[in-house]
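# I would like to see how this sequence folds:
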Amino acid sequence: MAEVEPKIVQRERITLVGLSFFGDPFREKGGWSEENEIGRLWKRLMAYLGDNRIKLPGRRDVHICYEVHILHPESGETGEYEVFTGFEAADPSVTPPELLVKVLPACSYAVFTLKGEEITSDWYQKIYQSWMPGSGYREAYPYSFQLYDRRFKGMDRLEDSVIDLYIPVEHETVG
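Got it, this is the predicted structure:
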């Protein structure tokens, strides 16, 4: 993430279906690991999809998955937040009861493309301490999401992978 200049894009409401975890996902194992709570959440989702692919009507694109991080008022103090993994649903009314539905509002997003080593770098700090303060934008909602598509090659090939990080933003008001 040598340069920290995102694309600003407008997205319509995004309806996702998947699984979630609330807590400190790094309590047991830090970093990008299949053994921490985020890795375990992805394993649960992939196992569910493998067993139930036929039962998932309305899935938009089988090659795109989302990882949403949702902060809560106590997140700064406790390190706990919600992590949701899932996929976009065309018709959430047919969601099986074991899955959850998340609706992300229509808004503008700062989109950062992370490649190779950037994926595991401290991009959070670079964005929120380097880019955001002088950008003319502020965070619009207390969440962000990572979009995984065919460019993501897997945990064992992070150096060959690319993901997009979306942060909901709005223009700062001068007042």
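# flag every buried residue along the lowest-mean-pLDDT helix or strand in the chain.
Every helix and strand of the chain was ranked by mean pLDDT, DSSP states H and E. The lowest is helix 123-125, at a mean of 81. Buried positions in helix 123-125, judged by neighbour count with 16 or more other CB atoms under 10 Å: Trp123. All C-beta spots, glycine's among them, are computed from the backbone N, C-alpha and C.
# can you list the strands that the helix or strand that that helix is followed by pairs with?
For helix 123-125, the following helix or strand on the C-terminal side (DSSP states H and E) is strand 137-139. Here strand 137-139 has these sheet partners by DSSP bridges: strand 162-171 (antiparallel).
# quick one: distance of the strand it pairs with to the chain centre.
9 Å (CA atoms, centre = their mean, to the nearest Å).
# list the buried residues for the helix ranked longest in the chain?
Taking DSSP state H as the criterion, the chain has its longest helix at helix 37-52. Going by neighbour count (16+ other CB under 10 Å), the buried part of helix 37-52 is 37-42, 45, 48-49.
# before we move on, what about stretch 112-128?
Applying 16+ other CB under 10 Å to stretch 112-128 flags 112, 114, 118-119, 123, 126-127 as buried.
# distance to Pro133 added to these, as a markdown table?
Conversion of those to a markdown table gives the following (distance: CB to CB, whole Å):
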| residue | distance to Pro133 |
| --- | --- |
| Phe112 | 16 |
| Leu114 | 20 |
| Glu118 | 20 |
| Ile119 | 23 |
| Trp123 | 16 |
| Lys126 | 12 |
| Ile127 | 10 |
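# name the helix or strand for the closest residue to Leu165 other than its chain neighbours, please.
Distance criterion CB to CB, 6 or more residues apart in numbering; nearest residue to Leu165, sequence neighbours excluded, is Phe112 at 4.5 Å. Secondary structure from DSSP H and E places Phe112 in strand 107-115.
# ditto for Gln146
strand 143-148.
# what sits against the closest residue to Arg44 other than its chain neighbours?
Nearest-residue entry for Arg44: Leu19, 5.6 Å, with adjacent residues in sequence omitted and distances by CB to CB, 6+ apart. Shown in contact with Leu19 (CB atoms under 8 Å, 6 or more residues apart in numbering): 41, 44-45, 48, 84-86, 99-100.
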